[in-house]
Each structure stands twice: as C-alpha cells, then as structure tokens.
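Asks: Fold the following and give me the result.
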Amino acid sequence: MPPDPAPSPPYNPSDLLLDAPKLLQLRHEAVEAHTGYALHRHPWGQINRINLGLIEITLGLPPHEQHLIAPADYLVWVPAQIPHTAYIRQALSYTSAYLGDEWAQQLPQTACLISQTPLIRALFDDYAARQICDTRPANEQAQATLLLERLISADRHTSYLPDTAHRQLRPILDALFVHPGDTTTLAQWAQHVHSTERTLARQFQRELGLSFIQWRNRLRLLRAQAALKEHHAIQDIAWQLGYSHPSAFIAMFRQHTGLSPERYRRQWLSHAND
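Replies: As a prediction, the model looks like this:
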C-alpha cells in the first residue's frame, strides 16, 4: 500500500481571527531578530513585505522545496494553501497582506518575487504608518484597489539571486561568491572559461535571466547589507566590493533598496535597539 499522504500543515493562528478579504486584509508587526515561522499555510494568497534586510521563505515539502530570498525592495507572493516556513535574521517591520480571491487569481499560481516600485512602497508605508488592517471601509477602498492594480502589473521574478550548474557559468559564480569584489570583466572571464564575451552574455541571460553586471550587483548588495549590520565603514565596504569610489557603491545600493547605505544602517539599528 502507498504511504498515507502527509497531513496539511495548520493555518497561521492569526488567520482564524480574520474575515475573508474582499480587497486587502493587512497585518503589521515588529519582528525580532532571528525570528522563524514554523511550517504553515494561509487560506488566501499572501504578500510578504519587510521594510529592510532580508526575508527567507521555503515553500513546499521535501524533497520538492523552493527557497526564496528577498531584500526589502521586493515583495514575496505566496499563493493560497502553499505550505511554507519563513525566517528573518534581523529586527524589522513586517506586513502581511492577504488578497481577495478575485485579485489573487490575477497573480501567478506559484510563489515569486514582485518588484516594489516607489508607488507600491509608498502605499504600503502609508498603511503601516496608519496601522490600517481592514480595507473594506469606503474611504480605504480606492487606495487598496490602486495598490492591487500596481501589484498585478509589477515585474515578477522567480528568484532574487538565481543559480545554475552551467559548466561555463559555474566557475564564475563560485569565484564571485568567494570574492564579490572581484572586478574581472566578462571579456576576461570569457578567456578564463574558453568562451567569448558575447556567448557568456547570452548564457547569463538564458540561464539566470540577468546580465553579468546585474547578477554581480545583487550579490554585492546582499554582502553589503551584512557588512552594514556589522558596523563596517561605508568606504571600507565599497573597496571590499570592488568599487573605486564610495559614491558608485552608494548609487548601486540606493538603486536596489531606495535607501542610502547610511540610512539603511540607521533604520536597522533603530529596530535592533527597540
């Protein structure tokens, strides 16, 4: 006889206190460092949003798990009923937004990252500042509808830092993981792996969905966030990550997070000391 199927994990207990959302139902909380969420699921599609740092979500059950890591400039979409765990390494502000079924059906049926545009960020920031949870009141419906429309039209990504076992890309990714400040150009890497710059550029796009520079910048951003939390000087971080001048590092960091490195550090310290 085949083994009995594994029982479905429980709903998050806070879900049982909520009515089914028509537009959005939001929950805001201050999360302590090194907070983990045990395996659970939700009856509705869920947007996970943090104000800084990283959120790590593992979806599904072994051996078919999917692991997503997202910095604060991305939202994590988890469709209804998908089992998942979550882990947050640093103190931060967290918002969970449940979508009404009509809207959730317009998003993918698999988990993904959603780009947090300046308008999406501003709408979420406003809800958090006012601690709005229920968007059913007439005076909240227009903002909720606008936010949902923007979520549906925003760019989607299967992973923030995709990986591959491709025989020519793997040595490059491994080297950058060890030394993210390596300034070797794509043309130089092409010589190292016996390829051409044009061929490698196509392989990055085909295998990872990113250019070589985009992938390296994402890796550098993750390392920069860790270094900022460890109180390293911004100039030192810039040099360690291969930038000849701190202004170039600051521009990259701001482009990805919407914050300067110093403001990111101040926000992290304020939450860590709460």
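Asks: list the contacts for Ala129?
Replies: Contacts here follow CB atoms under 8 Å, 6 or more residues apart in numbering; on that basis Ala129 touches nothing. Bear in mind the C-beta positions are built from the backbone N, C-alpha and C, glycine included.
Asks: distance of it from Leu123?
Replies: Relative to Leu123, Ala129 is positioned 11 Å away (CB to CB, to the nearest Å).
Asks: could you pull out the helices for this structure?
Replies: Ranges of helices within the chain are 101-104, 118-130, 138-153, 169-178, 186-192, 197-208, 212-229, 234-240, 246-257, 261-272, based on DSSP state H.
Asks: Specify the angle between the last one and helix 246-257 in degrees.
Replies: Comparing the axes of helix 261-272 and helix 246-257 via axes from the mean of the first three to the mean of the last three CA atoms, to 10 degrees yields an angle of 50 degrees.
Asks: Give me the below-cutoff pLDDT ranges for the protein.
Replies: For the chain, the stretches with pLDDT under 70 are 1-7, 271-274.
Asks: Taking the centroid of it, which residue is nearest it?
Replies: Of all residues in the chain, the one closest to the mean position by CA atoms, centre = their mean is Ala70, 1.8 Å from it.
Asks: For that one, name its beta-bridge partners.
Replies: Residues in a beta bridge with Ala70, per DSSP bridges, are Ile55.
Asks: which ones are touching Arg216?
Replies: By CB under 8 Å, 6+ apart, the residues touching Arg216 are Leu176, Pro180.
Asks: what number of residues lie near Gln46?
Replies: Using other CB atoms under 10 Å, Gln46 has 24 neighbouring residues.
Asks: ranking the helices of the chain by burial, who's on top?
Replies: Among the helices of the chain, helix 212-229 has the highest mean neighbour count (mean count of other CB atoms under 10 Å), at a mean of 19.
Asks: any idea how far Phe124 is from the closest residue to Gln106 other than its chain neighbours?
Replies: Leaving aside its sequence neighbours, Gln106 sits nearest to Ile152 (CB to CB, 6 or more residues apart in numbering; 4.9 Å). Distance from Ile152 to Phe124, counting by CB to CB: 15 Å.
Asks: thinking again about what came up before, out of the helices of the chain, flag the one nearest Ile88.
Replies: Closest approach to Ile88 among these is made by helix 261-272 (10.8 Å; CB to CB).
Asks: Now Thr196: closest residue in space, sequence neighbours ignored.
Replies: Ala190 (5.3 Å).
Asks: what do you get for Ser159?
Replies: Ser159's closest residue in space is Leu68 (CB to CB, 6+ apart), at 6.6 Å.
Asks: same thing with Leu148?
Replies: Spatial nearest neighbour of Leu148, excluding adjacent residues (CB to CB, 6+ apart): Trp103 at 4.9 Å.
Asks: likewise Asp155?
Replies: Going by CB to CB, 6+ apart, Asp155 has Ser115 as its nearest residue, at 4.2 Å.
Asks: Looks like that neighbour contacts Tyr74 (just checking).
Replies: Yes. Taking contacts as CB atoms under 8 Å, Ser115 lies within contact range of Tyr74: 6.3 Å.
Asks: who has more neighbours, the two?
Replies: Using other CB under 10 Å as the criterion, Ser115 and Tyr74 rank with Tyr74 on top: 25 against 13.
Asks: List the residues that contact that one.
Replies: Contacts of Tyr74 by CB under 8 Å, 6+ apart are Leu113, Ile114, Ser115, Gln116, His157, Tyr160.
Asks: let's see 7 Å
Replies: Contacts for Tyr74 (CB atoms under 7 Å, 6 or more residues apart in numbering) come out as Leu113, Ile114, Ser115, Gln116, Tyr160.
Asks: Stretch 222-235 spans what distance, first to last residue?
Replies: End-to-end span of stretch 222-235 (CA to CA, to the nearest Å): 17 Å.
Asks: what's that stretch in contact with?
Replies: Counting by CB under 7 Å, 6+ apart, 53-54, 71, 90, 161, 180, 237, 241, 246, 253, 261-262, 264-265, 268 sit against stretch 222-235.
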